[in-house]
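Enquirer: Sequence below, structure please.
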Amino acid sequence: MNLELLIPLVIYLCIMLGLGFWLSRRPQQGSFVQDYFLGNRSMGGFVLAMTMVATYASASSFIGGPGAAYRMGLGWVLLAMIQVPTVWLTLGVLGKQFAHIARRVNALTINDMLYARYRSPLVVILAALGLLAAFVATMVVQFIGGARLLETVTGLPYQGGLVIFATTVLLYTLIGGFRAVVITDAVQGVLMLLGTLVLLAGVLHAGGGAGAMFGALAEIDPGLVEPRGPDGFLGISFMLSFWVLVCFGVIGLPHSAIRCLAYKDSGAMHKGIIIGTLVGALLMFGMHFAGALGRVLVPELTVPDKVMPTLMLTVLPPIVAGLFLAGPMAAIMSTIDSQLIQASATLVKDLYLNYLSRTPPSPTAIKRASRLVTLVLGLIVLWAALSPPDMIIWLNLLAFGALQAIFFWPLVLGLYWWRGNATGALASMVTGALCYGLLTSFGIKLMGLHAIVPSLTLSGLAYVFGSLLTAPPTDEVRALFGKSPSGR
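Expert: Sure, this is the predicted structure:
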């Protein structure tokens, strides 16, 4: 067991846990539900930017993405840069409208927004079930990434690393709620950026510079320095699919969209867009470029997902590696805590309080239920992560696509097309989920495209036709969403 690496990581985990305890003891503002699940809408621009980046940059980005770049070469680095505009797109498309309407209807979750727009319990229930299923899958990916990181760099067995990692994330999320999630995300975002830059500098120094390493990659496989990758794998269809899945479609990810309900004011949103886009660009380039160049320094890896922690052990002194391994650890923790708190909000706020509770529960009962649900969800994900696959990026992208197929059009067209209604939303969600599920289950690729492209196309058509063939929304809904009763 490598104590030089284990001790800094344990100290980092303890600091995150202590931060969660400290935030839990701050005076509560407003109701427990609003404070626990939305942090009382108090995020400033820097915190908004860093929590958006940290939530998006997950185990797939810090572990799976560099692993794919290790296998596919520099072409994957170019492909990964498609993700740069994600913060700008999410806040630009959803941010202002979401914040304005959420304050008017006191929406605390994405499903609150869907109910305010469509006035349909069935829309909310289907959305909640889809969100929970996809979040469990993505949280399993994050737990696997955290455990593999600890396993690789400290010598701990996989199960031991999994328990340590899961316990830390569960405790600070359980105790501190949304406020702890976003503040720890901000701290972790800074660590992610520092860790990425230090690692990339170490890789370039160890390999004798980018030019020498490009030559070495070409000697291993000329496809590693080609835009299309080895054997032309990164073709036009794959790139189009990737653009939809990890850039354009990210607008439909609920755990990113929820941040649009929680920032303080328009100034915070504009600052968040600028900072988030710049930090996201540095992170995406740095981590994937380091992963691709890592093929030169550690060419014999059998599990590509281990390239980032292996590189840190290879190119950095042990104590420095221990400090900056907090970067990928932060990426993983900052995603899972966001998904965990939103999954808990879905069960407690969207389903239990709205549909299952016959009498309004007391604030104490709500607090107890919220924390119990968070704990149970975390334990379920911990159990599911005990048997990991070799490459986690594909499982993460699968769950990403499912969320987008269900939520994208009801969120986007619900904001910007007055004629959309509950029938259109239901048709879109069901069509998107069925199409995506069938295409992925049977491995069908229409014109070589990822399942998300035809799924979003068909679900968008279903939304439009379902809405046009049935009655328009009520005047109340149109007025709430900024449309006059005449539709202008």
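Enquirer: When you work out contacts or count neighbours from here on, use the C-alpha atoms and nothing else.
Expert: Will do.
Enquirer: Can you name the residues that contact residue 258?
Expert: Residue 258 is in contact with 109, 110, counting by C-alpha atoms under 8 Å, 6 or more residues apart in numbering.
Enquirer: next one: phi and psi at it?
Expert: The phi/psi pair for residue 258 (degrees, to the nearest 10) reads phi -60, psi -30.
Enquirer: With residue 263 instead?
Expert: Here residue 263 shows phi and psi, under degrees, to the nearest 10, equal to phi -80, psi 160.
Enquirer: For it, name its beta-bridge partners.
Expert: Beta-bridge pairing of residue 263 under DSSP bridges involves residue 43.
Enquirer: Please look at it and residue 48 and confirm they touch.
Expert: Yes. Between residue 263 and residue 48 a contact is recorded at 6.6 Å, counting by C-alpha atoms under 8 Å.
Enquirer: How much space separates residue 468 from residue 461?
Expert: With distances taken as C-alpha to C-alpha, to the nearest Å, residue 468 is found 11 Å from residue 461.
Enquirer: looking at this structure, which helix or strand is least sure?
Expert: None of the helices or strands of the chain scores lower by mean pLDDT, DSSP states H and E than helix 59, at a mean of 55.
Enquirer: immediately after that one, which helix or strand?
Expert: Sequence order places helix 65-72 as the next helix or strand after helix 59, per DSSP states H and E.
Enquirer: shared neighbours, residue 263 and residue 48?
Expert: Taking C-alpha under 8 Å, 6+ apart as the contact rule, residue 263 and residue 48 both touch residue 269.
Enquirer: So the two - more neighbours on which side?
Expert: residue 48 (31 against 25; other C-alpha atoms under 10 Å).
Enquirer: That one and residue 259 touch, don't they?
Expert: Yes. Assessed by C-alpha under 8 Å, residue 48 is found in contact with residue 259 at 7.3 Å.
Enquirer: Are there residues contacting both of these two? Which ones?
Expert: With C-alpha under 8 Å, 6+ apart, residue 48 and residue 259 have no common neighbours.
Enquirer: Identify the residues contacting residue 427.
Expert: 459, 462, 463, 466.
Enquirer: could you check the distance from it over to residue 407?
Expert: Counting by C-alpha to C-alpha, the gap from residue 427 to residue 407 is 12 Å.
Enquirer: do the same with residue 450
Expert: According to C-alpha to C-alpha, residue 450 and residue 407 sit 18 Å apart.
Enquirer: Can you pick out the residue with more neighbours from the two?
Expert: Taking neighbours as other C-alpha under 10 Å, residue 450 and residue 407 compare with residue 407 leading, 27 against 24.
Enquirer: what about the more buried one, which SS state?
Expert: helix (DSSP: H, G, I helix; E, B strand; the rest coil).
Enquirer: What's the local residue count around the residue lying closest to it once chain neighbours are set aside?
Expert: Among residues not flanking residue 407 along the chain, residue 252 sits closest, at 5.3 Å (C-alpha to C-alpha, 6 or more residues apart in numbering). Residue 252 has 23 neighbouring residues, counting by other C-alpha under 10 Å.
Enquirer: Name all residues that make contact with the residue nearest the centre of the chain.
Expert: Centroid-nearest residue in the chain, with C-alpha atoms, centre = their mean: residue 56, separated by 3.8 Å. Contacts for residue 56 (C-alpha under 8 Å, 6+ apart) come out as 256, 335.
Enquirer: and with 7 Å instead?
Expert: residue 335 (C-alpha atoms under 7 Å, 6 or more residues apart in numbering).
Enquirer: low-scoring pLDDT stretches of the stretch 51-200 of the chain, where are they?
Expert: 55, 57-61, 172, 175-182, 185 (pLDDT under 70).
Enquirer: correct me, but residue 273 touches residue 87?
Expert: Yes. The pair residue 273 and residue 87 passes the contact test of C-alpha atoms under 7 Å, sitting 6.1 Å apart.
Enquirer: More neighbours: which of those two?
Expert: Neighbour totals were compared for residue 273 and residue 87, and residue 87 leads with 29 against 24 (other C-alpha under 10 Å).
Enquirer: Just name whatever secondary elements the helix or strand hosting the more buried one is in contact with.
Expert: For residue 87, the host element (DSSP H and E) is helix 86-90. With contacts defined as 3 or more C-alpha pairs under 7 Å, 6 or more residues apart in numbering; DSSP states H and E, the packing partners of helix 86-90 are helix 266-297.
Enquirer: Output the contacting helices and strands for the helix it packs on.
Expert: Helix 266-297 packs on helix 45-56, helix 65-72, helix 74-80, helix 86-90, helix 158-207, helix 210-220, helix 307-315, going by 3+ C-alpha pairs under 7 Å, 6+ apart.
Enquirer: Just the C-alpha atoms of the last one, please, in CSV.
Expert: The C-alpha atoms that make up helix 307-315 are tabulated as CSV, following Å, rounded to 0.1, in the frame of the first residue of the first chain:
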residue,chain,number,x,y,z
VAL,A,307,-4.2,5.7,-17.8
MET,A,308,-4.7,9.0,-15.8
PRO,A,309,-3.8,7.6,-12.3
THR,A,310,-0.9,5.5,-13.9
LEU,A,311,0.5,8.7,-15.6
MET,A,312,0.4,10.6,-12.3
LEU,A,313,2.4,7.8,-10.6
THR,A,314,4.8,7.7,-13.5
VAL,A,315,5.6,11.4,-14.2
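Enquirer: how close does the residue nearest to residue 435 when sequence neighbours are not counted get to residue 338?
Expert: Spatial nearest neighbour of residue 435, excluding adjacent residues (C-alpha to C-alpha, 6+ apart): residue 455 at 5.4 Å. Applying C-alpha to C-alpha, the value for residue 455 to residue 338 is 26 Å.
Enquirer: for residue 192, same thing?
Expert: 16 Å.
Enquirer: All set now, cheers.
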